[in-house]
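> Structural data only, the sequence is not supplied:
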Ligand SMILES: O=C(CO)[C@H](O)[C@H](O)COP(=O)(O)O
């Protein structure tokens, strides 16, 4: 897969670990930064990465900050971005199976590197469920996205 990654200062170290893992598995990572641990504003990096997801320039996004919510909050304002904060592999499984999320957000201040890696592995290898009730729910969220989020050109 082609995966956009973005982070703030709190997520740099974990982003680098996950990026190395993804590349070792043959994924292509587009790294939108930040690249060091100097204090910065998350939106400067998560917004361009979210736009890349929305435009279909990448298949998925993985964003890392202190608690994960900031990244998700930004990404979920963009048409075509469905971001989920995951704190364990079970969340990651359901974030794919039930909600078909295309962006994974992780909080580096909340979980350790080993759990983060398990979350990433689970999230990347789990498909959305095709049972009617899940498809209907996902489609309702997509309809909200289409109606209320400005389309990205
Ligand atoms: O978790 C975050 C957003 O979800 C940020 O990483 C966090 O708010 C950064 O805070 P600080 O500048 O105090 O390190």
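Sure, I can see it. Note that the structure is predicted; figures quoted are calculated from it, not measured.
> in terms of contact count, name the helices or strands touching the one helix or strand residue 92 maps to.
Per DSSP states H and E: residue 92 is located in helix 89-97. On a contact count with 3 or more CB pairs under 8 Å, 6 or more residues apart in numbering; DSSP states H and E, helix 89-97 meets strand 83-85, helix 113-125. No exception for glycine: its C-beta is placed from N, CA and C like everyone else's.
> CSV for those, including distance to residue 21, mean pLDDT and mean neighbour count?
Shown next, in CSV, are the helices and strands packed on helix 89-97 (distance: least, CB to CB, whole Å; pLDDT from 0 to 100; neighbours: other CB atoms under 10 Å):
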stretch, distance to residue 21, mean pLDDT, mean neighbour count
strand 83-85, 19, 98, 23
helix 113-125, 6, 98, 17
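> Quick check: which of those is nearest to residue 11?
Closest approach to residue 11 among those is made by helix 113-125 (9.9 Å; CB to CB).
> Name the residues that touch the next helix or strand after the closest one?
Per DSSP H and E, the first helix or strand lying C-terminal to helix 113-125 is helix 132-148. Helix 132-148 has contacts (CB atoms under 8 Å, 6 or more residues apart in numbering) with 79-80, 82, 97-100, 128-129.
> Would you format the helices and strands packed on helix 89-97 as TSV with distance to residue 22 included?
Shown next, in TSV, are the helices and strands packed on helix 89-97 (distance: least, CB to CB, whole Å):
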stretch	distance to residue 22
strand 83-85	18
helix 113-125	7
